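Undergrad: Pasting the sequence and the predicted model now:
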Amino acid sequence: MYFKGTIVITDPCYIIKENPIKCPNEEDFGLLASISSKPFKDYSTPEELAYKAALDYYFSESRKYDDWGKCDFGENMEVLGIHNYISESTIYGDWSCTTYQTEEEPKELLESILRVLNDNLEDEEYGDDELPIPDEGKAIGGFCADAGLVGVFLLDEMLAYNPDWKSWIEEHSWCATIIEDFEGEVEYYIDKVDEEAHIVGTGSINFYTAQTGI
């Protein structure tokens with residue numbers, strides 16, 4: 001997919017607006033956490049009835065603000081006004097990744113690194129701290145996933161939907177890689193060695209992503 005502008009690599013779940021309707025806490029009503037195992041029909045004290053009323057309000061109103069559900073859990077971001085994007089499975093589940101900038105063709109470099117790593121590990125010829133792998137490039141950021149998804153988005157579209165994301169990412173910098181002024185092609189790529197998912201970009205900046213943590 002062609003992108004022009006500042007792009008963000010992150011899990012789509014991190015983009016979603018916070019639900020303004022808060023789930024009531026039983027402690028705020030002077031109740032124990034064990035109240036959750038008691039059927040609603042058996043609530044009788046003023047505290048229990050007040051808590052039930054608060055829960056009823058939460059369940060009826062919070063659906064209006066459930067943007068995660070509205071966008072089919074990251075698969076249909078268009079309903080949120082985000083049209084230029086990639087959203088795909090990490091395959092692995094929840095993960096942590098590093099984004100590398102390179103002057104080389106990123107897919108070829110990625111495949112080369114993985115082949116050398118796998119060959120050396122299979123031969124047990126080298127220790128982990130002396131693997132003669134190709135130069136992997138310059139690390140320019142990291143990101144993670146909590147919904148088992150990886151996405152690429154235009155920052156302008158994200159902020160038009162959720163202006164609060166800018167302040168949120170300042171406190172959660174490990175959740176997204178931001179690449180400014182990118183122009184070129186970005187693709188979701190599954191390597192031929194380990195069959196793992198990567199994001200690869202070719203254009204004004206060449207980059208690829210690789211899993212570097214869990």
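TA: Sure thing, it's come through.
Undergrad: Return the list of helices and strands in contact with the longest helix along the chain.
TA: Of all segments of type helix in the chain, defined using DSSP state H, the longest is helix 106-123. Contact analysis of helix 106-123 by 3 or more CB pairs under 8 Å, 6 or more residues apart in numbering; DSSP states H and E lists strand 197-203, strand 206-213 as its packing neighbours. Quick note: C-beta positions are derived from backbone N, CA and C, even for glycine.
Undergrad: looking at those strands, which has the lowest confidence?
TA: If you rank these by mean pLDDT, strand 206-213 sits at the bottom with a mean of 93.
Undergrad: Go ahead and name everything in contact with the strand of greatest length in the chain.
TA: Using DSSP state E to define each element, the chain has its longest strand at strand 176-190. By CB atoms under 8 Å, 6 or more residues apart in numbering, the surrounding residues in contact with strand 176-190 are 1-10, 14, 86, 88, 91, 99, 107, 110, 140-143, 150, 152, 155, 169, 196-205, 207-209.
Undergrad: so where's this structure shaky on pLDDT?
TA: Segments of the chain classed as low confidence (criterion: pLDDT under 70) are 120-134, 214.
Undergrad: that older thread, how big is the angle separating the longest strand of the chain from strand 206-213?
TA: Orientation check (axes from the mean of the first three to the mean of the last three CA atoms, to 10 degrees): strand 176-190 against strand 206-213 gives 90 degrees.
Undergrad: Narrow the contacts of strand 176-190 to those that are buried.
TA: 3, 6-10, 14, 86, 88, 99, 107, 110, 141-143, 150, 152, 155, 169, 196-201, 205, 207-209 (16 or more other CB atoms under 10 Å).
Undergrad: quick check: angle from the longest strand of the chain to strand 197-203?
TA: 100 degrees.
Undergrad: Listing partners with orientation, what would you give for strand 176-190?
TA: Strands that pair with strand 176-190, judged by DSSP bridges, come out as strand 2-10 (antiparallel), strand 197-203 (antiparallel).
Undergrad: Could you identify the helix or strand that succeeds the longest helix of the chain?
TA: Sequence order places strand 138-144 as the next helix or strand after helix 106-123, per DSSP states H and E.
Undergrad: counting contacts, what elements does that following strand pack onto?
TA: By 3+ CB pairs under 8 Å, 6+ apart, strand 138-144 packs against strand 2-10, strand 96-102, strand 176-190, strand 206-213.
Undergrad: Of all the ones you listed, which one is nearest Tyr57?
TA: strand 2-10 (32.1 Å; CB to CB).
Undergrad: Now the very next helix or strand once past the closest one: buried residues?
TA: Per DSSP H and E, the first helix or strand lying C-terminal to strand 2-10 is helix 46-61. Buried residues in helix 46-61, counted by 16+ other CB under 10 Å: 48, 50-52, 54-55.
Undergrad: what's the answer for stretch 63-82, then?
TA: 67-68, 71, 74, 77, 80, 82.
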